[in-house]
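1. sequence? don't have it. structure:
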C-alpha cells in the first residue's frame, strides 16, 4: 500500500512539474504582448523587464522552470500584469 502511494505521489509531482514547464512560454507571450503595446515605463524599468524576460527564457531552455517562473513573474509585476 505504501509503495502504491509513493508511485502515485511521484507521478503527481512529475505531472505538476511538466505543467509548470509548459507555462513558461505563456508567461513569455504575456510579457511580449504587453511590451508590444509600448507601455509608458522608465528606461530603467524597461531594461529590467527585458533582462528578466531574457533570463526567464534562458532558465526555461535550461530546464530550470522554477527560476524561469520567478524571473518572468518579476517582469510581469513590473509591467503590471
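-> Right, received. Where do you want to start? This one's a predicted model, so the numbers in the text were calculated from it and none came from an experiment.

2. Please identify the buried residues of the host helix or strand of residue 44?
-> Assigned by DSSP states H and E, residue 44 belongs to helix 43-61. By neighbour count with 16 or more other Cβ atoms under 10 Å, helix 43-61 contains the buried residues 46, 49, 52, 53, 55, 56, 57, 59, 60. Every residue, glycine included, has its C-beta placed from N, CA and C.

3. Check which helices and strands it is in contact with.
-> helix 2-36, helix 65-79 (3 or more Cβ pairs under 8 Å, 6 or more residues apart in numbering; DSSP states H and E).

4. how big is the angle separating that helix from helix 65-79?
-> Orientation of helix 43-61 against helix 65-79 (axes from the mean of the first three to the mean of the last three Cα atoms, to 10 degrees) gives an angle of 160 degrees.

5. List of residues touching helix 43-61?
-> Helix 43-61 has contacts (Cβ atoms under 8 Å, 6 or more residues apart in numbering) with 21, 24-25, 27-28, 31-32, 35, 41, 65, 67-69, 71-72, 74-75, 78-79.

6. Quickly, which of the helices and strands packed on helix 43-61 bottoms out on average pLDDT?
-> Ranked by mean pLDDT, the helices and strands packed on helix 43-61 bottom out at helix 2-36, which scores a mean of 69.

7. Now for the spatially most central residue of the chain: which residues touch it?
-> By Cα atoms, centre = their mean, the chain has its centre lying nearest to residue 69, at 2.8 Å. Listed by Cβ under 8 Å, 6+ apart, the contact set of residue 69 reads 20, 23, 24, 27, 56.

8. Wait, the fourth one touches residue 73, no?
-> Yep, that's residue 27 we're talking about. Yes - with contact defined as Cβ atoms under 8 Å, residue 27 reaches residue 73; the gap is 7.4 Å.
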